[in-house]
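Peer 1: structure for this input, please:
(one chain, ligands or ions: 1)
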Amino acid sequence: MTRLEISHLPLDGLKLITRHRLGDARGSLARLFCAEELALAGWAEPIAQINHTVTPKIGTVRGMHFQLPPYSEMKLVTCLRGEVYDVAVDLRQGSATFLSWHGEILSADNNRSMIIPEGFAHGFQTLTDDVELLYCHTAPYVAGFEGGVRAIDPLLGIVWPMKIALISERDSAHNLLTDSFTGIFV
Ligand SMILES: Cc1cn([C@H]2C[C@H](O)[C@@H](COP(=O)(O)OP(=O)(O)O[C@H]3O[C@H](C)C(=O)[C@H](O)[C@H]3O)O2)c(=O)[nH]c1=O
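Peer 2: Numbering: from 1, shown residues only. Prediction:
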């Protein structure tokens, strides 16, 4: 039986993963990662790094982040506690959906994760207090190869569920995109 159900999302390569938990009188078990199953979703690399973020305040936005080649990465984003509006933005040079975005609600209760392909920026807004996210990355964090776009960039037009309550100075300082931005070559 499939433990990780894969759904195709409107942007090529972006996937929704639904975990099917196995329950019994003691509780339940679910897979957070399975190389064999996720290969069908395009995850072909070993996990290079796993990160865990804790975000106590509702309305907080983290993002929009990506890494530049040669450290561009796929991410598997899982909400372990609370609920988030998780957003991916297609920054791939030449993509038919270049600068398009897609959002999904991920929560500890809905057992959903999102696979963010290389060349996408990723970010989220917390929809509850006390949110915890787990990220599996196919590339290590390399400080000099971090990239970011503004969560409120008018060229992207991301519609966040609520007023942004908190965002880092660094995320507020990403440059706004201009028409000369041609994307990331991945
Ligand atoms: C990712 C990372 C960051 N850092 C340092 C860099 C900064 O000084 C500090 C916080 O980094 P940042 O503000 O990028 O963290 P978040 O904004 O929470 O980014 C996270 O949330 C957004 C939505 C994502 O998509 C990122 O992939 C994910 O890392 O930790 C490290 O030292 N190691 C690491 O692996």
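Peer 1: can we go C-alpha only for contacts and neighbour counts from here?
Peer 2: Fine.
Peer 1: how about the residues of this protein by the ligand?
Peer 2: Residues of the chain that fall close to the ligand, judged by CA under 6 Å from any ligand atom: 53, 62-63, 65, 122-124, 141.
Peer 1: give me the buried subset of those residues.
Peer 2: Among these, the ones that count as buried by 16 or more other CA atoms under 10 Å are 62-63, 65, 122-124, 141.
Peer 1: residue of the protein closest to the ligand, please.
Peer 2: Scanning the chain for proximity to the ligand using CA to the nearest ligand atom identifies residue 123 as nearest, at 3.8 Å.
Peer 1: tell me which stretches of this protein form helices.
Peer 2: 35-38, 169-172 (DSSP state H).
Peer 1: any chance of these in CSV with mean neighbour count and mean pLDDT as columns?
Peer 2: What follows is these, written out as CSV (neighbours: other CA atoms under 10 Å; pLDDT from 0 to 100):
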stretch, mean neighbour count, mean pLDDT
helix 35-38, 14, 96
helix 169-172, 13, 97
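Peer 1: which residue is nearest the centroid of this structure?
Peer 2: Centroid-nearest residue in the chain, with CA atoms, centre = their mean: residue 122, separated by 4.5 Å.
Peer 1: in this structure it contacts residue 89, no?
Peer 2: Yes. Using CA atoms under 8 Å, residue 122 makes contact with residue 89 at a distance of 6.5 Å.
Peer 1: returning to that earlier point: who wins for proximity to residue 76 among the helices of the chain?
Peer 2: Minimum separation from residue 76 across the helices of the chain (CA to CA) falls at helix 35-38, 9.8 Å.
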